[in-house]
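In: Next input, structure requested:
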Amino acid sequence: MKIVVIGGTGLIGSQVVNQLQKTEHEVIAASPNNGVNTLTGEGLAEVLQGAHVVVDVSNSPSFEDVAVMNFFKTANEHLLPAEKAAGVQHHVALSVVGTQKLQDSGYFRAKQVQEDMIKASGIPYTIVHATQFFEFAGGIVQMGMVDGKVIVPAANIQPIASKDVASFMAETALGKPANKILEIGGPEKFDMSAWVNQYLQATHKNYEVSADANALYSGALITADTLAPEKAVSLGETLYADWIAIPENQR
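Out: Residues are numbered from 1 along each chain as shown. Next up is the predicted model:
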């Protein structure tokens, strides 16, 4: 079976490719670096020839509202018809827990458009909703930085190790299409401010952290469990404290 991983050289994609290469299947990492560009359509027909499964873990390089919408809409306008023409039998896409509840955010509006296009494509699919990756703690700090302090929403978060996401994506690629959304998350639920504090302490950054019920997450108000899975089909095995204790170049 031929499996094409779109975004196959990124954080999740490279790990998905590595895991699938341990199987007997043919696995191709597709990205602009090796001549496959979903924004222009370059190389899609060639790489998808004979493909049974496509795993899309690509992400927009910019989270600005117009740019991110253009990325996901344009990429899927090229990718999904090319898959249809090639006879792809399973489209697996990575998205985010809470997407449907975060439509005040330009990023999540774009992810919703992507999901709607997949559902309307006629290609059997599985959409995986993952919670925030452990690696995203630094991004949350940057989003919440105000006058040298970090202000985060008064809400919960259930982060997951990227390697656990990759394992689930690889497993899903080898299975039958679910034709629905599957939610996954980490093994532990944290108060977001407590999780951010744990990250700051481990990385020796000295910022004051406070929680505010009116603080926005990616431009949207959230409630206590917006970012937590409602019905997770799988929880990652990696504990955050164990992961953050490992040197960054060894994770």
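In: Next, count neighbours for the nearest residue to Ala202 once chain neighbours are set aside.
Out: Computed as CB to CB, 6 or more residues apart in numbering, the closest residue to Ala202 that is not its neighbour in sequence is Ile244, at 4.4 Å. No exception for glycine: its C-beta is placed from N, CA and C like everyone else's. Per other CB atoms under 10 Å, the neighbour tally for Ile244 reads 16.
In: give the contact list for Ile244.
Out: Going by CB atoms under 8 Å, 6 or more residues apart in numbering, Ile244 touches Phe134, Gln198, Tyr199, Ala202, Thr203.
In: Mind doing that once more with 10 Å?
Out: Applying CB atoms under 10 Å, 6 or more residues apart in numbering to Ile244 gives the contacts Phe134, Ala137, Gln198, Tyr199, Gln201, Ala202, Thr203, Arg251.
In: Counting neighbours, what do you get for Thr172?
Out: Neighbourhood size, Thr172 [other CB under 10 Å]: 25.
In: quick check, it in a helix?
Out: Yes - applying DSSP: H, G, I helix; E, B strand; the rest coil, one finds Thr172 inside a helix.
In: Checking my notes, Val47 in a helix, right?
Out: Yes - the assignment for Val47 is a helix, going by three-state DSSP.
In: Would you quantify the distance from it to Gln142?
Out: From Val47 across to Gln142, the span is 34 Å (CB to CB, to the nearest Å).
In: Show me which of those two is the more surrounded one.
Out: Neighbours per residue (other CB under 10 Å) separate Val47 from Gln142, with Val47 holding more: 21 against 8.
In: pretty sure the more buried one contacts Val54?
Out: Yes - contact criterion CB atoms under 10 Å: Val47 and Val54 qualify, at 9.4 Å.
In: what sits in contact with each of those two?
Out: Jointly contacting Val47 and Val54 under the rule CB under 10 Å, 6+ apart are Lys2, Val4, Ile6, Ile28, Ala30, Ala82, Ala86.
In: Which secondary structure elements does the longest helix seen in the chain sit against?
Out: The longest helix of the chain (DSSP state H) is helix 65-86. Applying 3 or more CB pairs under 10 Å, 6 or more residues apart in numbering; DSSP states H and E, we find helix 65-86 packed against strand 2-6, helix 44-48, strand 53-56, strand 90-96, helix 106-120.
In: Could I get the average pLDDT for it?
Out: For helix 65-86, the mean pLDDT works out to 98.
In: How about it, which residues are buried there?
Out: Buried positions in helix 65-86, judged by neighbour count with 16 or more other CB atoms under 10 Å: Val68, Met69, Phe71, Phe72, Ala75, Asn76, His78, Leu79, Leu80, Ala82, Glu83, Ala86.
In: Same question for stretch 227-234.
Out: Neighbour-count burial for stretch 227-234 [16+ other CB under 10 Å]: Leu227, Ala228, Pro229, Ala232, Ser234.
In: mean confidence score for it?
Out: When pLDDT is averaged over stretch 227-234, the result is 97.
In: how far is it from where the chain is centred?
Out: On the basis of CA atoms, centre = their mean, to the nearest Å, stretch 227-234 sits 14 Å off its chain's mean C-alpha point.
In: First-to-last residue distance for that stretch?
Out: Stretch 227-234 has an end-to-end distance of 15 Å (CA to CA, to the nearest Å).
In: Other residues contacting it?
Out: Applying CB under 10 Å, 6+ apart, the external contacts of stretch 227-234 come out as 96-98, 101-102, 128-132, 153, 155-160, 164-165, 167-168, 171-172, 178, 181-186, 189-190, 192, 217, 235.
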